[in-house]
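Colleague: any chance you could fold what I've pasted below:
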Amino acid sequence: MGREFNDLFDEWSHSYDQTVSGQDAEYEEVFSKYDEILSTVADKAKGIVVEFGVGTGNLTTKLVQKGLHVIGIEPSSNMRKIAQNKLPNVKIIDGDFLDFDVTEKIDTFVSTYAFHHLTDVEKRKAIAKFRQRLNPHGRVVFADTVFTTDKAKQEMIQESYSKGFNRLAEDLQREYYATIPVLTNLFEENGFNVSFTQLNRFVWLMDAKLKGDDKHDGTKENER
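Modeller: Predicted coordinates:
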């Protein structure tokens, strides 16, 4: 995950849980159905799970409650401290999507609200690494802000400015939010089939399985 955002997340760590609970009007729609989104990701996880961008440990908690073996990866030292205090028995280490010290073969890679911290070039490298580290029937299950097209992204930026949501509009321009066609290509060229399901106005579920996995349902895109 983009380490250039570490200072932002160290600062945000103290109010992150308030933001995701809808107490920040600018980000209320981004985090709409937050608990449901986390549950959707957790319900698809199995086996040995690596979670990227643990943050304050909210998704991690749901994974642990399912009885899964979870290894948390978080580059922000302040976020790591908060998550580790919540979950003292979970291994949470310094790392990111491209640099994580995990020796086990992984059944599921999960993440919420974090993959957009990578550029498209970095996303490609990360997905290639996921393929190398997954067990044969493993999967990648991410929920993140994604747009159907570049035009849709620009329209959302303009809508945010029109509402006076300048922080959100600047965030949408500063970070590396991808489109469904770009992400589809990145996963497919690395040997995955991937489906997309819309979870709120901003967030989509990405469910990627290695090609040849006969459990895959063949769905390419499902809109809410």
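Colleague: give me the helices and strands touching the strand ranked longest in the chain, please.
Modeller: What stands out as the longest strand in the chain, according to DSSP state E, is strand 134-145. In terms of contacts (3 or more Cβ pairs under 8 Å, 6 or more residues apart in numbering; DSSP states H and E), strand 134-145 is packed against helix 34-44, strand 106-112, strand 203-210. In short, each C-beta sits where N, CA and C put it, glycine included.
Colleague: buried residues in it?
Modeller: L134, G138, R139, V140, V141, F142, A143, D144, T145 (16 or more other Cβ atoms under 10 Å).
Colleague: which residues touch the last one?
Modeller: The one in question is T145. Each residue near T145 by Cβ atoms under 8 Å, 6 or more residues apart in numbering is listed here: V30, Y113, H116, L172, Y177, F202, V203, W204.
Colleague: how close does it sit to F109?
Modeller: According to Cβ to Cβ, to the nearest Å, T145 and F109 sit 18 Å apart.
Colleague: again with the fifth one
Modeller: The gap separating V141 from F109 is 7 Å, by Cβ to Cβ.
Colleague: looks like L172 contacts E155 (just checking).
Modeller: No - under the criterion of Cβ atoms under 8 Å, L172 is not in contact with E155, lying 10.7 Å apart.
Colleague: ok, these two, which is more surrounded?
Modeller: L172 (22 against 12; other Cβ atoms under 10 Å).
Colleague: can I assume the more buried one sits in a helix?
Modeller: Yes - checked against DSSP: H, G, I helix; E, B strand; the rest coil, L172 lies within a helix.
Colleague: picking that back up, could you give me the average pLDDT of the longest strand of the chain?
Modeller: For strand 134-145, mean pLDDT is 96.
Colleague: strands paired with it, and their directions?
Modeller: For strand 134-145, the paired strands and their directions (DSSP bridges) are strand 106-112 (parallel), strand 203-210 (antiparallel).
Colleague: now that strand and helix 34-44, what's the angle there?
Modeller: What separates the directions of strand 134-145 and helix 34-44 is an angle of 170 degrees, with axes from the mean of the first three to the mean of the last three Cα atoms, to 10 degrees.
Colleague: list the buried residues of stretch 177-194.
Modeller: Under 16+ other Cβ under 10 Å, the buried positions of stretch 177-194 are 177-180, 183-184, 186-187, 190-194.
Colleague: do stretch 42-56 as well
Modeller: The neighbour-count check on stretch 42-56 (16+ other Cβ under 10 Å) flags A42, A45, I48, V49, V50, E51, F52, G53, V54, G55, T56 as buried.
Colleague: without its sequence neighbours, what residue ends up closest to the last one?
Modeller: Nearest residue to T56, sequence neighbours excluded (Cβ to Cβ, 6 or more residues apart in numbering): I82, at 4.7 Å.
Colleague: what about the host helix or strand of that neighbour, distance to the chain center?
Modeller: Following DSSP states H and E, one finds I82 within helix 77-86. Chain-centre distance of helix 77-86: 18 Å, with Cα atoms, centre = their mean, to the nearest Å.
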